[in-house]
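Provide a 3D model corresponding to the input given below.
(chains A and B)
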Amino acid sequence: MAAHLSYGRVNLNVLREAVRRELREFLDKCAGSKEHEVEKMFTLKGSRLPAADVKNIIFFVRPRLELMDIIAENVLSEDRRGPARDFHILFVPRRSLLCEQRLKDLGVLGSFIHREEYSLDLIPFDGDLLSMESEGAFKECYLESDQTSLYHAAKGLMTLQALYGTIPQIFGKGECARYLPCLMGLPFPPFQERHNAKTVGEIKQFVSQLPHMQAARGSLANHTSIAELIKDVTTSEDFFDKLTVEQEFMSGIDTDKVNSYIEDCIAQKHPLIKVLRLVCLQSVCNSGLKQKVLDYYKREILQTYGYEHILTLYNLEKAGLLKPQMGGRNNYPTIRKTLRLWMDDVNEQNPTDISYVYSGYAPLSVRLAQLLSRPGWRSIEEVLRILPGPHFEERQPLPTGLQKKRQPGENRVTLIFFLGGVTFAEIAALRFLSQLEDGGTEYVIATTKLMNGASWIESLMEKPF
Amino acid sequence: MDCYTANWNPLGDSAFYRKYELYSMDWDLKEELRDCLVAAAPYGGPIALLRNPWRKEKAASIRPVLEIYSASGLPLASLLWKSGPVVSLGWSAEEELLCVQEDGVVLVYGLHGDFRRHFSMGNEVLQNRVLDARIFHTEFGSGVAILTGAHRFTLSANVGDLKLRRMPEVPGLQSAPSCWTTLCQDRVAHILLAVGPDLYLLDHAACSAVTPPGLAPGVSSFLQMAVSFTYRHLALFTDTGYIWMGTASLKEKLCEFNCNIRAPPKQMVWCSRPRSKERAVVVAWERRLMVVGDAPESIQFVLDEDSYLVPELDGVRIFSCSTHEFLHEVPVASEEIFKIASMAPGALLLEAQKEYEKESQKADEYLREIQELGHLTQAVQQCIEAAGHEHQPDMQKSLLRAASFGKCFLDRFPPDSFVRMCQDLRVLNAIRDYHIGIPLTYSQYKQLTIQVLLDRLVLRRLYPLAIQICEYLRLPEVQGVSRILAHWACYKVQQKDVSDEDVARAINQKLGDTPGVSYSDIAARAYGCGRTELAIKLLEYEPRSGEQVPLLLKMKRSKLALSKAIESGDTDLVFTVLLHLKNELNRGDFFMTLRNQPMALSLYRQFCKHQELETLKDLYNQDDNHQELGSFHIRASYAAEERIEGRVAALQMAADAFYKAKNEFAAKATEDQMRLLRLQRRLEDELGGHFVDLSLHDTVTTLVLGGHSKRAEQLARDFRIPDKRLWWLKLTALADLEDWEELEKFSKSKKSPIGYLPFVEICMKQHNKYEAKKYASRVGPEQKVKALLLVGDVAQAADVAIEHRNEAELTLVLSHCTGTADAATADRIQRARAQAQKK
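This is a model prediction of the structure:
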């Protein structure tokens, strides 16, 4: 029992136990016994498998073709003189015909005694946090028009519904988000087929057994050390300079010309990700850069960091993070003002608004969530239309018996699914909203990937060599 | 009530047997039963008759008719037999009719005479012909045992998973055995056969002679043998009119009986009840039926007609041309209650209830009597149990009423046994009805289970009754109603005389979106019947698009499959269809199909990116996607090519593509890169070292570090490196070299476009305060304070800040004032601040 998962309004231990049971069932099948002693764990890599005195070898893999090649290599280079070992393969989160075809082409498909899928779509990270840990999700959706991760996200949501009940209302913003309810619109499969989910009664009983305690998370010592490490960064002059530029952009200062700090960063060959982040930020805050400015940045980056990054720059353009101004007006100031994305008076010690997480900037996604809960999106229809992608509302009818009236004083629970990834600051902002005494809403966060600005940009980079 | 036990016949002291009518048969039999091959399925199953023309030579030219009836005699099927001579008929556990032909081919028919399949019992059987055959049931399924003309046995223990086993030879066997049977011991099928006075047991390894213990002497041949329903017991009828009864293992004799009839019986079957101690067999001759057991006397019945015995789990069914009866040992509860002058609690309770209905005070007396003995619970239980064993609804009701009456006087009698019995009897009475004709007893019903019973109703196409039973018993939809509706739909699609539209609509009307019903399964069945169009219509009702795909592929509707796969959002499924299409269509058509499906196209592009780069190029070409083509060639210039010229050529293609894409910037950048690559190559040739694939910036830096300033300058000019960056570059490189002299010269070459603070910073980074100080003085006023603080000159920094009257600068300097050394400076700042405030 993982205590840290059960402190929230939605007990994520139920999910954890459900997926654990699925895993145990698979292990039972492979080992043919009730004991599943895991002798060793290896990271998947080519050539021969490390030696281990074991009978069963189980590959846990994402269904990706390049991983199949590695597995095939492992299997084919198995020492035939040694004792025969049984191979099994467990695709996470979905079995793939394409991968199996690949294994077949490589002549190893028959080597696997069990080939199954482990529908671990959403991994519980904390009492209010679930992630698919699919780092490619944003890139696949926006650069490759590959919506596999959306399909998995929909499946993950269906699992949540099977365990916790139907989600009565769904609001969404964005092209990919719009697609999700379509995927979920698939009729609900009969209960017993879903991962052998327990009956509602059993779940209730299970939940009632959990200790109602606030989990003591982490030790004080750990937190102190982490805080010190963070402080080293945040008090550095460079961090301060960068933050200053970011804040200038976000408050709309000098976003339309070449920024000398960015220029200097390039000239001093600061990490490329940092440069790209700043340039993208400037582009977004200016609804695109003047062609001359954009070309200047691009040329500077190519000359300094190497021509090969032209692929990365194109990716950023394709994703809309970097773009030339296409005439029309700059919408960012309207958005900033209407949604109060920039707050001048931030109290970081005793915050009163989510903008404290970025020392001034209130994350747009979280502001939208906040406004949805009160006063509702109808009040911001106009600005919602300016923001990219459609917004929508869907309702799923509940059987009358299950419609539950909220008790007075009982908070509403809202699950926010960030497609493409959620940053740690956004998580902090939502947790802040959950904790507000008069907030009225508690948030559970789900996402395709936990990330920050750097890892996000990194996922869009392409290195041809 | 006196006459209620009139049909009870005692066998010995401890048991009664009764025979009652199940149905009066009004089947219109044109033949005598004796002229037919007969097979009746256990558990109240159907009866198959095939007039046997092959026995009499004279009528061989007339084709016989195979007829199938329900147990109540309702015709289910009638078909002209067009195949070869049949030796034996039998029903499988799934109620399929197995017809064993003389040539060893077994034809399998459904309950409604629909031909299902056929299989052969092997070459040896074909050559030697079938002399005799038996269909038998084991825990694995239904088996077939064959005796060939060569007096050898071949058997298959499970016709569902046909594995033929040829049994060992019986040494010296010259003629056919006088009788034989299959036994099932330790999960293996054996054959027991009698030849003259000898018995042989065949297992698949050996033939062994066996002797029944305690067999009376003087036997010269065995005329009949019978194995009990559960294979536990064996009975042997000898030519001396003697019957031996014992265990099937032949290890123990249970009893024996001498009936003194030497004529060979037509049939002999066991008649026993599960968990009963009584053992009895029923022996039938032409006009006589005898029940014999462990008792000196037997029970005898006269048979008015040609009759046929069907062994059941708990008794024997006996049908003839006009009636269908059941003969069984009276169950204990019934015996206790109805035995004449019984004082059993159940009997008293039944009486009490009757008196109560008559409003007689005797009711109270009886009840008191039971209660005083503390037997009321037992009485209620007895009545409930006995009700289950009664065939007549009136009697069932009387007993249940008595139970219900008794229950009123009990505080805590759990209601479920009573409720369940009411439900069970309601189901049983419904299926025993003449129109349905499944005369199951309570014990058989419990053994069979409700699920199997529902299957059998479905098999008889009695869908409404099956659904009513499901609803009445409140079975979960998925196991109950949905399953039956799905079966109904699968039957419906076979009705060829109804149009596709009508069938599809009828099915959808009835099934709607009942959970657990798979339209794709029904569609698959329709396709199996050759109705592709109907299958497609049915698939339209399948809400899970993904489920539609495999069947559509099978039906070669790949393009439809593609759009359904896309609809499902399951990309893996889309890939599957794509690879299918790729093999099915020629390249041009395949590409055209992709073109109309953007999602599939992008997935396929991803696939090609990893698997088929050339195809990827073709796809981009087809779409005139020059931008992506450009990127493609760039990747190729890094991945595929080793030689510089090859790489440059790839880049040239990229540049051309970018021009076509009207991406001037990318085209120019690519051309620059081509120039740079060639140049780097030349540098490597001339200067040695590594240049290729360095960025322009790093190339220039490398040149500066290598002391090739001229070349560096030239390169910077050629590629128009902005002055500011070039200054940074040189500054960084020279500081790295710690060439302070050169750095100073450089700083004086002209006015720095980046100011002099970077000079200070970089010297300090290299821990050279001396050099740093040189530049600090040249830093412009705005950054002067910062520069002075960097080189540690707090006092001068204070001066500048005070001069600037800049509050932020003052604060900054103040924060750098540490220890006593800077105390005076701090003082000065405070004073300046105070003064500023006064103003």
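
for residue B:288, what are its contacts?
Contact analysis of residue B:288 by C-beta atoms under 8 Å, 6 or more residues apart in numbering or on different chains lists B:261, B:300-303. For every residue, glycine as well, the C-beta is placed using N, CA and C.

Now do it, the pLDDT please.
Predicted confidence (pLDDT) at residue B:288: the value is 94.

same deal with residue B:596?
For residue B:596, pLDDT reads 87.

Just give the nearest non-adjacent residue to residue B:224, would you?
With C-beta to C-beta, 6 or more residues apart in numbering or on different chains as the criterion, residue B:224 has its nearest non-adjacent residue at 4.0 Å, and that residue is residue B:237.

Top of the contacts of residue B:288 by number of neighbours, please.
residue B:301 (19 neighbours; other C-beta atoms under 10 Å in any protein chain shown).

List the buried residues of stretch B:127-134.
Residues of stretch B:127-134 classed as buried by neighbour count (16 or more other C-beta atoms under 10 Å in any protein chain shown): B:128-134.

Could you do stretch A:233-247 as well?
Across stretch A:233-247, burial judged by 16+ other C-beta under 10 Å covers A:242, A:245-246.

any chance of these in JSON lines, plus secondary structure?
Below are these laid out as JSON lines (DSSP: H, G, I helix; E, B strand; the rest coil):
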{"residue": "A:242", "secondary structure": "helix"}
{"residue": "A:245", "secondary structure": "helix"}
{"residue": "A:246", "secondary structure": "helix"}
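
Skipping adjacent residues, who's closest to residue B:660 in space?
residue B:626 (4.1 Å).

Hmm, residue B:654 and the one you found touching each other?
No - between residue B:626 and residue B:654 there is no contact under C-beta atoms under 8 Å: 9.9 Å.

where does the closest residue to chain A within the stretch 1-150 of chain B fall, phi/psi-wise?
Using C-beta to the nearest C-beta, the single residue of the stretch 1-150 of chain B nearest to chain A is residue B:140, 23.4 Å away. With angles defined as degrees, to the nearest 10, residue B:140 sits at phi -90, psi -20.

List the residues that contact the closest residue to it other than its chain neighbours.
Leaving aside its chain neighbours, residue B:140 sits nearest to residue B:158 (4.6 Å; criterion: C-beta to C-beta, 6+ apart). By C-beta under 8 Å, 6+ apart, the contact set of residue B:158 is B:138, B:140-143.

Can you lay out those residues as a markdown table showing pLDDT?
Below are the contacts of residue B:158 laid out as a markdown table (pLDDT from 0 to 100):
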| residue | pLDDT |
| --- | --- |
| B:138 | 83 |
| B:140 | 76 |
| B:141 | 85 |
| B:142 | 91 |
| B:143 | 93 |
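
In strands, which of those fall?
The members of the contacts of residue B:158 that map onto strands under DSSP state E are B:138, B:141-143.

out of the residues you listed, who's nearest residue A:344?
Nearest to residue A:344 out of these is residue B:141 (C-beta to C-beta; 82.0 Å).

isn't the closest one right up against residue B:163?
No - if you go by C-beta under 8 Å, residue B:141 and residue B:163 don't touch, sitting 11.5 Å apart.

Can you list the low-confidence ranges for chain A?
Applying pLDDT under 70 to chain A flags residues A:1, A:32-36, A:185-221, A:399-406.

Run a quick neighbour tally on residue B:376.
What residue B:376 shows, counting by other C-beta under 10 Å, is a neighbour count of 21.

what residues are up against the nearest residue in space to it that is not next to it in sequence?
Of all residues not flanking residue B:376 in the chain, residue B:370 sits nearest, at 5.1 Å (C-beta to C-beta, 6+ apart). If you count contacts by C-beta under 8 Å, 6+ apart, residue B:370 has them with B:345, B:348-349, B:352, B:376, B:379, B:406.

so what secondary structure elements neighbour whatever helix or strand residue A:66 lives in?
Under the criterion of DSSP states H and E, residue A:66 resides in helix A:65-76. Judged by 3 or more C-beta pairs under 8 Å, 6 or more residues apart in numbering or on different chains; DSSP states H and E, helix A:65-76 is in contact with strand A:56-61, helix A:97-105, helix B:598-611.

still on that earlier bit, show me what the mean pLDDT comes to for the helix or strand where the residue nearest to residue B:376 lies.
Using DSSP H and E, residue B:370 maps to helix B:362-372. The pLDDT scores in helix B:362-372 average 89.

and that helix, how far out from the chain's middle?
A distance of 57 Å separates the centroid of the chain from that of helix B:362-372, by C-alpha atoms, centre = their mean, to the nearest Å.

And the next helix or strand past it?
For helix B:362-372, the succeeding helix or strand toward the C-terminus, using DSSP H and E, is helix B:376-389.

helices or strands next to that next one in the packing?
helix B:332-338, helix B:345-357, helix B:362-372, helix B:393-407, helix B:416-432, helix B:442-448.

One more pass at 7 Å, please.
helix B:332-338, helix B:345-357, helix B:393-407, helix B:416-432 (3 or more C-beta pairs under 7 Å, 6 or more residues apart in numbering or on different chains; DSSP states H and E).

Okay, domains of chain A per the record?
Following the TED database, chain A resolves into domains at A:37-120, A:121-186+A:237-253+A:332-400+A:408-452, A:256-329.

didn't residue B:331 look like it was pressed against residue B:389?
Yes - Residue B:331 lies in contact with residue B:389 (C-beta atoms under 7 Å); the separation is 4.6 Å.

Where does pLDDT dip in chain B?
B:1-3, B:53-61, B:641, B:839.

neighbouring contacts of the longest helix along it?
Longest helix in chain B by number of residues (criterion: DSSP state H): helix B:664-687. Helix B:664-687 is contacted from outside by A:295, A:298, A:302, A:307, A:310, B:630, B:644, B:647-648, B:651-652, B:654-655, B:658-659, B:690-692, B:694, B:696, B:699, B:706, B:708, B:719, using C-beta atoms under 7 Å, 6 or more residues apart in numbering or on different chains.
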